[in-house]
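Asks: fold the following for me, if possible:
(chains A and B)
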Amino acid sequence: MEIVTFTEVETFVQHIPEVTAAGVIIKAIIILAVISAIAGFGTYIERKVLAFMQRRLGPMHVGPYGLLQLVADGVKLFTKEDIVPQNANSLVFKIAPSITAATAFIALAAVPVFPDFTIPHWVPLLGGVFVPSIAADLNIGILFVLGMMAAGLYGPLLAGMAQANKWGIIGAARTAIQFLSYEVVTGLSILAPIMLVGSLSFVDFNAAQAGGISHWLIWQQPVAFVLFLIAGFAETNRTPFDLLEHEAEVVSGYATEYSGMRWGMFFIGEYANMITISIIAAVVFLGGYSEAGIGWLTIILKVGFFFFLMLWVRASWPHIRPDQLMWLCWKVLMPIAVINVVITGIVMMV
Amino acid sequence: MGLEQFKNRNVGTQNYKMLNLGQSPEKGLDKFKQVVNRTFKGELFVGLWVTMREMINALFRDNMHTVKYPFEKLPISPRYRAIHDMLRLLESGHYRCIGCGLCEKICISNCITMDTRYDENQRKEVSEYTINFGRCIFCGYCAEVCPELAIVHGPRYETASEQRASFSLFEDMLTPIDKLNLQQEYDGFGAVSPNADENIKKTPLAY
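Replies: Below is the predicted model:
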């Protein structure tokens, strides 16, 4: 089994120019703007893909092929009345959506989004500033991202408990159940690739898989890949694990009493999380943006594939009960993840 | 066939086809085996394939089921009874109505109002003709009774209106003279049946 040592990684990264505060701020603004736009656009894509899979057309009337539906939705969300229920804990009720949205974007700080570039010198004020691919290349990158996404579950939890609504309470309880179930699997499943690469930084993961499809970690860690995908679906509240706000059972779960832009922030957070999970899966298992020259294209294709997979699964599969989720995560996935880690360790020692 | 088999209410004794669903496992090992079987059976991927197949069919094989309603409409039965049409004679372009007043007489909700007079050629001409669509129940008697196939039920089923009772005038329902060549002969409610010629008997003169 091929293991990339630290010296190799350093030779790979040493030609990168110095990262300045201006570059990081520009990167943060780019991430905020672009991911918000993509998250909004994701709702359009989701509606379209679900519609096609049900032999419908989806949104068609606002703009060409319904492309401006996104704008119409935004106008609607911004102009809706902001309702805080009478018996709700209004402070927590108002804070909760920002927690979801903020943690989703904080998590993106340590994830490589778009390749690095230098602003041309003819641009006034900012000419020559190097914009890195990662806003903050932490040495604990993956841990930070997973931790932030886990902290994001405080949003649904607090929202459900603050709104004085029984469906909200059930949604909050399911949040706790789901959080306790999948988080162990996420950590353990991604531990095996971390052992192979020997680093927690996404840049190192990317460098370790440079050299074509055969170097992708999915071939060495197929079990970990599947486990991480399952846990990732649970982490982003996607079907088949969308217990938190399953309309058929608990009205809208934790989001029952929310409307307007507060509800919209939950939505943006959920879609940003979907993008984050897609990027992690693409970088850790599918080689990231390591292809020379066309890395920017391949990472977009990979992230797009995972995003499409989430919509595809939502159109195809029914969702499971909370007790089945706990049974699945604790009795099936966690033992498999532990066995996978042990086998990986044994193979690495031998 | 008598009614006996339908009067038998003893559910379960009829000729039902029983499905063999097997027994749900009780021991831990059997449960585990069931889980493993279901996991590696690939049914989940069958589900994924079904949705993907439908998407490909809808997008590339023209199997999209959406009707963009205000712009596209599904064909409706010729016997559908919607807003009335007044037809014209194809040769002369004159309206077919002869002012006999049968539709006004037979209308059970009294929504048809008509007035006639003699024109300069001593022919009956319709001077006033309105249908109160706030009262019309679209029973179709007027179309059925009309001896000239002049008043028929058209296919225009969007009857929502800004007024509670909207009256329709004769001219509104009449086929526009410049669209006479597009006038469809009505084969629905009250029309002559296709085998009308066979059904006609010689009128007995002995009355």
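Asks: which residues does the residue of the stretch 101-250 of chain A found nearest chain B contact?
Replies: Across the stretch 101-250 of chain A, the shortest distance to chain B (CB to the nearest CB) belongs to residue A:240, at 9.3 Å. All C-beta spots, glycine's among them, are computed from the backbone N, C-alpha and C. Taking CB atoms under 8 Å, 6 or more residues apart in numbering or on different chains, we find residue A:240 in contact with A:233, A:313, A:317-320.
Asks: again, 7 Å this time
Replies: Residue A:240 is in contact with A:313, A:317-320, counting by CB atoms under 7 Å, 6 or more residues apart in numbering or on different chains.
Asks: and chain B, which of its residues are near chain A?
Replies: B:44, B:47-48, B:50-51, B:54-55, B:58-59, B:63-66, B:68 (CB under 7 Å from any CB of the partner chain).
Asks: read off the pLDDT value for the residue lying farthest from the centre of chain A.
Replies: The centre of chain A is farthest from one residue, residue A:122, which by CA atoms, centre = their mean lies 35.7 Å away. pLDDT, residue A:122: 75.
Asks: tell me, how many residues neighbour the residue nearest to residue B:44 when sequence neighbours are not counted?
Replies: Distances taken as CB to CB, 6 or more residues apart in numbering or on different chains put residue A:317 closest to residue B:44, at 6.6 Å, once the chain neighbours are dropped. Using other CB atoms under 10 Å in any protein chain shown, the number of residues around residue A:317 comes to 16.
Asks: residue A:317 and residue A:331, how far apart?
Replies: 20 Å (CB to CB, to the nearest Å).
Asks: show me the helices in the stretch 1-150 of chain A, by range?
Replies: Counting by DSSP state H, counting those that start in this stretch, one finds helices in the stretch 1-150 of chain A at the ranges A:6-13, A:21-53, A:69-79, A:90-109, A:141-151.
Asks: re earlier: closest to chain B among the contacts of residue A:240?
Replies: Nearest member of the contacts of residue A:240 to chain B, counting by CB to the nearest CB, is residue A:317, at 5.8 Å.
Asks: residue A:189 reaches residue A:337, doesn't it?
Replies: Yes: contact criterion CB atoms under 7 Å: residue A:189 and residue A:337 qualify, at 4.9 Å.
Asks: make a ChimeraX selection of the buried ones in the residues of chain B next to chain A.
Replies: Selection of buried members from the residues of chain B next to chain A for ChimeraX, criterion 16 or more other CB atoms under 10 Å in any protein chain shown:
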select /B:47,48,51,54,55,58
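Asks: can you lay out the residues of chain B next to chain A as TSV showing secondary structure, distance to residue A:181 and pLDDT?
Replies: Listed next are those as TSV, based on DSSP: H, G, I helix; E, B strand; the rest coil; distance: CB to CB, whole Å; pLDDT from 0 to 100:
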residue	secondary structure	distance to residue A:181	pLDDT
B:44	helix	19	83
B:47	helix	23	88
B:48	helix	23	90
B:50	helix	28	91
B:51	helix	26	91
B:54	helix	32	90
B:55	helix	31	91
B:58	helix	36	88
B:59	helix	37	88
B:63	coil	40	84
B:64	coil	39	85
B:65	coil	38	86
B:66	coil	39	86
B:68	coil	44	86
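Asks: near chain B, which residues of the stretch 201-350 of chain A are found?
Replies: Within the stretch 201-350 of chain A, the positions lying close to chain B (CB under 7 Å from any CB) are A:312, A:315-317.
Asks: can we see that at 6 Å?
Replies: Within the stretch 201-350 of chain A, the positions near chain B by CB under 6 Å from any CB of the partner chain are A:315-317.
Asks: mind putting the helices of the stretch 1-150 of chain A into JSON lines with distance to chain B?
Replies: Shown next, in JSON lines, are the helices of the stretch 1-150 of chain A (distance: least, CB to the nearest CB, whole Å):
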{"stretch": "helix A:6-13", "distance to chain B": "37"}
{"stretch": "helix A:21-53", "distance to chain B": "4"}
{"stretch": "helix A:69-79", "distance to chain B": "15"}
{"stretch": "helix A:90-109", "distance to chain B": "27"}
{"stretch": "helix A:141-151", "distance to chain B": "25"}
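Asks: in JSON lines: the ones you listed, plus mean neighbour count.
Replies: Listed next are those as JSON lines, based on neighbours: other CB atoms under 10 Å in any protein chain shown:
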{"stretch": "helix A:6-13", "mean neighbour count": "13"}
{"stretch": "helix A:21-53", "mean neighbour count": "17"}
{"stretch": "helix A:69-79", "mean neighbour count": "14"}
{"stretch": "helix A:90-109", "mean neighbour count": "20"}
{"stretch": "helix A:141-151", "mean neighbour count": "20"}
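Asks: centre-most residue in chain B?
Replies: residue B:80 (3.4 Å).
Asks: what about stretch A:215-227, how long is it end to end?
Replies: Length of stretch A:215-227, first residue to last, CA to CA, to the nearest Å: 20 Å.
Asks: and residue B:131, which of the three is it?
Replies: Three-state call for residue B:131 (DSSP: H, G, I helix; E, B strand; the rest coil): strand.
Asks: quick check: which element contains the residue nearest to it when sequence neighbours are not counted?
Replies: Leaving out its chain neighbours, the residue that sits closest to residue B:131 by CB to CB, 6+ apart is residue B:168, at 5.0 Å. Taking DSSP states H and E as the definition, residue B:168 sits inside strand B:167-169.
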